[in-house]
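Asks: Requesting a structural model of the entry that follows:
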Amino acid sequence: MSKPAKPPTPAKGAAEASAKPAKAAPSRGRREAARSVRDAAAYPLPTSKRSLSVKEPLAAEAYGAPATLNGYVAYLRTATPLQRVEAEREGVPARMVKHMASDMDLPAVRMFDILGIAKATAEAKAAQQARITGASGQAALGLIHLLGIARDIVDDSTDPAAPDFDAARWLGHWIEQPQAALGGQRPADLLDTPTGLSVVARLLGALASGAYQ
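Replies: As a prediction, this is how the structure comes out:
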């Protein structure tokens with residue numbers, strides 16, 4: 001079985017594949033700062049909740065998961081199986097899914113298609129600040145998990161240009177490309193089932209070590 005191309009070298013403006021992306025510097029750069037500002041604006045705390053103590057969690061955080069994309073990526077990296085179960089039950093904020101599409105350089109309509117949710121339904125949920133649940137919500141969580149893997153690959157790299165490498169955008173392009181290790185299928189087409197997600201996650205993780213199974 002032929003090997004899929006490894007992630008490109010984290011270099012400014014570069015899109016070619018490379019051996020290993022690099023250990024990122026402490027500061028992620030302006031891109032991460034901009035996302036944090038966007039998240040804060042997109043998911044403001046309800047006025048009535050802003051004075052709550054740390055012992056009174058917001059409804060969106062009652063089971064431990066944060067309400068922003070960057071927060072979810074970090075959360076899923078260390079979440080226990082039971083925490084993942086609760087996250088799957090609660091679903092993912094529809095607005096977060098739209099932001100994920102933007103970060104991954106994918107049209108929102110294509111993102112909804114990958115997750116198996118109708119555009120009208122997703123847009124209505126985003127407008128109502130509601131969550132995407134069920135199979136589509138689990139697929140969204142799976143994609144967030146893949147985003148965490150992609151960022152880990154960059155974080156574990158030693159290339160000094162790693163801080164400028166956009167892991168989310170790279171992942172968005174990668175899941176749309178046919179992979180020989182998947183029998184010529186695109187990773188995006190396998191994310192609608194737990195097994196398909198597991199296969200894609202294993203392949204993505206193998207890119208860092210060069211071990212393909």
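Asks: And the strands in this protein?
Replies: Ranges of strands in the chain, per DSSP state E, are 92-93, 131-132.
Asks: will you turn those into a markdown table that also has mean pLDDT, mean neighbour count and distance to residue 73?
Replies: Heads up, the C-betas are built off the backbone N, CA and C, glycines and all. Formatted as a markdown table, these follow (pLDDT from 0 to 100; neighbours: other Cβ atoms under 10 Å; distance: least, Cβ to Cβ, whole Å):
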| stretch | mean pLDDT | mean neighbour count | distance to residue 73 |
| --- | --- | --- | --- |
| strand 92-93 | 90 | 26 | 12 |
| strand 131-132 | 93 | 22 | 17 |
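Asks: Relative to residue 168, which of the ones you listed is closest?
Replies: Smallest distance to residue 168 across the strands of the chain (Cβ to Cβ): 15.7 Å, for strand 92-93.
Asks: picking that back up, just send the strands of the chain back as JSON lines, with distance to residue 178 too.
Replies: As requested, those are arranged in JSON lines below (distance: least, Cβ to Cβ, whole Å):
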{"stretch": "strand 92-93", "distance to residue 178": "27"}
{"stretch": "strand 131-132", "distance to residue 178": "27"}
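Asks: Residue 186 - how many residues pack around it?
Replies: Per other Cβ atoms under 10 Å, the neighbour tally for residue 186 reads 16.
Asks: nope, residue 134 is what I meant
Replies: 12.
Asks: which regions of the protein sit below the pLDDT cut-off?
Replies: By pLDDT under 70, the weakly predicted segments of the chain are 1-67, 208-213.
Asks: Okay, helices next: where are they in it?
Replies: In the chain, the helices defined using DSSP state H lie at 30-42, 69-78, 81-90, 94-103, 108-115, 119-127, 134-155, 167-174, 194-209.
Asks: what's the closest of these to residue 184?
Replies: Set against residue 184 and scored by Cβ to Cβ, the helices of the chain come closest in helix 194-209, at 13.1 Å.
Asks: Now do the closest one against helix 81-90, angle only.
Replies: Here the directions of helix 194-209 and helix 81-90 differ by 120 degrees (axes from the mean of the first three to the mean of the last three Cα atoms, to 10 degrees).
Asks: Against which helices or strands is helix 194-209 packed?
Replies: Here helix 194-209 touches helix 134-155, going by 3 or more Cβ pairs under 8 Å, 6 or more residues apart in numbering; DSSP states H and E.
Asks: what packs against the helix it packs on?
Replies: Applying 3+ Cβ pairs under 8 Å, 6+ apart, one finds that helix 134-155 makes contact with helix 69-78, helix 81-90, strand 92-93, helix 94-103, helix 108-115, helix 167-174, helix 194-209.
Asks: buried set for that helix?
Replies: 136-154 (16 or more other Cβ atoms under 10 Å).
Asks: relative to helix 81-90, how tilted is it?
Replies: Helix 134-155 runs at 130 degrees relative to helix 81-90, counting by the same axes, to 10 degrees.
Asks: what's the angle between helix 134-155 and helix 94-103?
Replies: Using the same axes, to 10 degrees: helix 134-155 against helix 94-103 is 40 degrees.
Asks: And residue 90, how far from residue 205?
Replies: Distance of residue 90 to residue 205, given as Cβ to Cβ, to the nearest Å: 26 Å.
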